[in-house]
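Peer 1: quick one, what's the 3D model for this:
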Amino acid sequence: MALVRCVTEMGMGVDVHGLDYTAAAKRAVFDAIHHSSLGFPRLVGKTADDMRVEVTIGVPKPEAVDRQAVLETLPHGGCQINVVHGGLQVLNEKGDDGWLIANAIIVVSIDDGK
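Peer 2: Predicted coordinates:
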């Protein structure tokens, strides 16, 4: 089996109150996957469920992301997630709230049958 990268998309998600890392990550994934409509699997006799979807999320606190909740936002394919240091967080004056940006890169691959 040889996986062939077919699509790479990027997205950004923001949480403006509460520093909810999972919400920001889910919004980043939503932003990324809604830039495309993937029709290519039919060209090689596959379905959308045959796609392999790799998600990388960048946030300041990777341990604060509920990985399973993020994966549940994906409509198709066998999925894998990696959460790494990245994104941006700016706290308010009191340090108890702030703005959080999560970045996502989604890579869609499919088995070329070789």
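
Peer 1: is it true that Phe40 touches Cys6?
Peer 2: Yes: assessed by Cβ atoms under 8 Å, Phe40 is found in contact with Cys6 at 5.7 Å. The way it works is simple: take the backbone N, C-alpha and C, and place the C-beta from them, glycine included.

Peer 1: of the two, who's got more company?
Peer 2: Cys6 (17 against 14; other Cβ atoms under 10 Å).

Peer 1: how far off centre is the one helix or strand the more buried one maps to?
Peer 2: Assessed by DSSP states H and E, Cys6 sits inside strand 3-15. Here strand 3-15 is found 6 Å from its chain centre; the criterion is Cα atoms, centre = their mean, to the nearest Å.

Peer 1: got the buried residues for it?
Peer 2: 6-7, 9, 11-13, 15 (16 or more other Cβ atoms under 10 Å).

Peer 1: any idea which helix or strand comes after it?
Peer 2: Immediately after strand 3-15, counting by DSSP H and E, sits helix 21-33.

Peer 1: what packs against that following helix?
Peer 2: Contacts defined by 3 or more Cβ pairs under 8 Å, 6 or more residues apart in numbering; DSSP states H and E place helix 21-33 against strand 3-15, strand 52-59, helix 67-71, strand 98-111.

Peer 1: can you lay out these as JSON lines showing distance to Val44 and mean pLDDT?
Peer 2: Shown next, in JSON lines, are the helices and strands packed on helix 21-33 (distance: least, Cβ to Cβ, whole Å; pLDDT from 0 to 100):
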{"stretch": "strand 3-15", "distance to Val44": "9", "mean pLDDT": "91"}
{"stretch": "strand 52-59", "distance to Val44": "13", "mean pLDDT": "96"}
{"stretch": "helix 67-71", "distance to Val44": "24", "mean pLDDT": "96"}
{"stretch": "strand 98-111", "distance to Val44": "7", "mean pLDDT": "94"}
